[in-house]
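**Q** need coordinates for the below:
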Amino acid sequence: MTHQFDPTSLREYDIRGIVGKALGPADAVAIGRGFATRIREAGGRRVVVGYDGRLSSPELEAALVDGLTAGGVDVVRIGLSTSPMLYYAEATLEVDGGIQVTGSHNPPSIMAARSYRRMRHFSATPSRGSPRLPRRVPGAKVRAL
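**A** All right, here's what the predicted structure looks like:
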């Protein structure tokens, strides 16, 4: 199955676009299938998914989950959440990656899917990583404040 993304939506650390123009449910399904493939290729089987409070988020999250499950991974849905909540869930639950459907600081018409594996951005250039996210430290414990 082939999917054609709007070329303006493909970014280094996320897939972002104007909902209904450059990004829609079919894109979210394709993102889910692609991420599921990458997770399975790395030996994983389970991902966590969250979404922000924008009106388009629940529809895009549902389509994303459809793509993930069609791609052969199990999904833990944390529902309405902030990106830091997804980071925490990805770090503390027994999952192999995570995706947050979020518009972040962008105008309400813009949505993005940010994907992570072991607290590092999944991207076209994975060796570059993200300087904003900490790497997991072996033996470190996470505690609630």
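
**Q** quick check: residue 16 touching residue 107?
**A** No - if you go by CB atoms under 8 Å, residue 16 and residue 107 don't touch, sitting 11.4 Å apart. Every residue, glycine included, has its C-beta placed from N, CA and C.

**Q** tell me which of these two has more neighbours.
**A** The residue with more neighbours, out of residue 16 and residue 107, is residue 16; 20 against 7, by other CB atoms under 10 Å.

**Q** quick check: nearest residue in space to that one, chain neighbours excluded?
**A** In space, and not counting its chain neighbours, residue 16 is closest to residue 112: 3.8 Å by CB to CB, 6 or more residues apart in numbering.

**Q** which of the helices or strands spans the one you found?
**A** Assigned by DSSP states H and E, residue 112 belongs to strand 110-117.

**Q** pull stretch 30-37 out as PDB, backbone CA atoms only.
**A** Output of stretch 30-37 as PDB, limited to C-alpha atoms (Å, rounded to 0.1, in the frame of the first residue of the first chain):
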ATOM      1  CA  ALA A  30       0.000   6.000   6.800                       C
ATOM      2  CA  ILE A  31       2.100   7.400   9.600                       C
ATOM      3  CA  GLY A  32       0.900   4.700  11.900                       C
ATOM      4  CA  ARG A  33       1.700   1.900   9.400                       C
ATOM      5  CA  GLY A  34       5.100   3.300   8.800                       C
ATOM      6  CA  PHE A  35       6.000   3.700  12.500                       C
ATOM      7  CA  ALA A  36       4.700   0.200  13.200                       C
ATOM      8  CA  THR A  37       7.000  -1.100  10.500                       C
END
